[in-house]
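Colleague: Sequence and predicted model, in that order:
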Amino acid sequence: MKSDFGYFEEEKLGKPYDLRLIRRLFPYVGPYKVMLLGSILLIICITLLDLSLPYVTKIAIDRYIVPQADTIKTRLTEGSQIKTRYLMADTSDPKIRTVVNKYRGLFTIIQTDARISYENLGSLAKEDIAVLRKDDFSGLGRLTVIFLIIILANFVINFLQKMIMEYAGHMIMHDLRMKLFVQIQKLSIEFFTKNPVGRLVTRATNDIQNMHELFTSVISIVFKDMFLLVGIAIVLIFMNWKLAIISFIVLPFVLYASI
């Protein structure tokens, strides 16, 4: 079908968005495959840094904010089934020993170890609590520094990855535009009478720019999300494989709903 000016309607030209079209783009990607592989490696680093932030938070909570294991002992009261948590303190430290002697009635002392229940811990002055938990505060300080370093490293690597992908994308699109421009120059006059110049300009500018977005944004997001999901799955399995399997059971239903 022709329009009023003798041009072919764009819908009649077809839209071959298939894998064959993607494969035709591979020769343009080849010269920049080193940069693309480097970008993928940076994405893996970004994913590892993203996964490390919750782990650092976990350590801060479990070890220093609400410590477990070696710093707190639990006692199961007979009959009532109530757990009592204790804060452990080493009396070999003179400052800690002074606090323990000051509140001797609230502490249970076994050799050089002194313990106090968290219920009684609230009875101590703030400065005395700070002395007992100075190791926790210093540990939180170290984790805060590590947390900030991870955020800074994540920002720097993100910036480098985006710069590499932008440069590679621009170079790929430059080569593609040059090839398209040379091809347009070889076409006959009859071709230009059947196709409006505006459409050809759009093909050489906007459509190629959309492909640039595919190379720079879409591919980066797909790889990052894929690595992130795999990393989360691995962490879940290592933390508790039974709960991980239960979580994975719903994945087929989620995939089916998304499709």
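Modeller: Cool, the structure landed. Residues are numbered from 1 along each chain as shown.
Colleague: all strands of the stretch 101-250 of the chain, in order?
Modeller: For the stretch 101-250 of the chain, the strands defined by DSSP state E, counting those that start in this stretch occupy 108-110, 113-117.
Colleague: Just put those strands in CSV and tack on mean neighbour count, mean pLDDT and distance to Ile246.
Modeller: Every C-beta, even on glycine, is put in place using the N, C-alpha and C of the backbone. CSV is the format used below for those (neighbours: other CB atoms under 10 Å; pLDDT from 0 to 100; distance: least, CB to CB, whole Å):
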stretch, mean neighbour count, mean pLDDT, distance to Ile246
strand 108-110, 12, 77, 40
strand 113-117, 19, 78, 35
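Colleague: how many neighbours does Ile146 have?
Modeller: Per other CB atoms under 10 Å, the neighbour tally for Ile146 reads 15.
Colleague: Name the nearest residue to it, ignoring sequence neighbours.
Modeller: Val56 (6.0 Å; CB to CB, 6 or more residues apart in numbering).
Colleague: any idea which element Ala85 lies in?
Modeller: You called it Ala, but residue 85 is Arg. Taking DSSP states H and E as the definition, Arg85 sits inside strand 83-90.
Colleague: Could you spell out the sheet neighbours of that strand, each with its direction?
Modeller: Strand pairing for strand 83-90, using DSSP bridges, gives strand 74-76 (antiparallel), strand 113-117 (antiparallel).
Colleague: sorry, back to before: relative to Ser92, which of the strands of the stretch 101-250 of the chain is closest?
Modeller: strand 113-117 (9.4 Å; CB to CB).
Colleague: and the closest residue to Leu180 other than its chain neighbours, what does it touch?
Modeller: Of all residues not flanking Leu180 in the chain, Ala204 sits nearest, at 5.4 Å (CB to CB, 6+ apart). By CB atoms under 8 Å, 6 or more residues apart in numbering, the contact list for Ala204 reads Arg177, Leu180, Phe181, Ile184.
Colleague: One more: Phe26?
Modeller: Applying CB under 8 Å, 6+ apart, no residues qualify as near Phe26.
Colleague: Distance check, it against Val235.
Modeller: 34 Å (CB to CB, to the nearest Å).
Colleague: just how off-centre is stretch 112-122 within its chain?
Modeller: 39 Å (CA atoms, centre = their mean, to the nearest Å).
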